[in-house]
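> Need a 3D model of the sequence below.
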Amino acid sequence: MPWVERHRRRAPNSWFRTTTVRRHYRKPAGLPIVAIAVAAVVVLLLLIVLF
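Predicted structure coming up:
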């Protein structure tokens with residue numbers, strides 16, 4: 001679900017003002033961390049099964 005619909009968000013350096021954001025593609029920020037975690041779990045399972 002990388003597409004973000006049109007929504008309102010807080011304006012930069014403003015606590016109360018908001019700005020409208022058009023629908024855009026969300027950059028996958030947390031993807032490398034998840035990939036590393038999954039890879040670590042797979043390696044651990046392989047080690048447990050093999051030894």
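
> Okay, helices next: where are they in the chain?
Along the chain, counting by DSSP state H, helices occupy 31-50.

> where are the low-confidence patches of it?
Scanning the chain for pLDDT under 70 picks out the ranges 1-2, 27-31.

> one more time with 80
1-7, 9-16, 18, 20-21, 24-33, 51 (pLDDT under 80).

> and Glu5, how many residues sit next to it?
8 (other CB atoms under 10 Å). Just so you know, the C-beta spots here come from the backbone N, C-alpha and C atoms, and that holds for glycine as well.

> What distance do you get for the spatially closest residue to it that is not a sequence neighbour to Ala11?
Excluding the flanking residues, the one nearest Glu5 by CB to CB, 6 or more residues apart in numbering is Arg23, at 5.0 Å. Look at Arg23 and Ala11: by CB to CB, to the nearest Å, they are 18 Å apart.

> Equivalent analysis for Ile36, please.
Taking CB to CB, one finds Ile36 at 34 Å from Ala11.

> can I assume Arg26 is in contact with His7?
No. The criterion here is CB atoms under 8 Å, and Arg26 misses it with His7 at 11.4 Å.

> Val41: neighbour count?
Counted with other CB under 10 Å, Val41 comes out at 10.

> Apologies, that question was intended for Val4.
Look at Val4: counted by other CB under 10 Å, it has 13 neighbours.

> what does Asn13 give?
So Asn13, with other CB under 10 Å, has 6 neighbours.

> Over to the one 5 residues further on?
Residues near Thr18, counting by other CB under 10 Å, number 11.

> Tell me who's in contact with the closest residue to it other than its chain neighbours.
Spatial nearest neighbour of Thr18, excluding adjacent residues (CB to CB, 6+ apart): Arg8 at 4.8 Å. Arg8 makes contacts with Thr18, Thr19, Thr20, Val21, as judged by CB atoms under 8 Å, 6 or more residues apart in numbering.

> Can you tell me which of those residues is nearest Ile48?
Nearest to Ile48, judged by CB to CB, of the contacts of Arg8 is Val21 at 45.7 Å.
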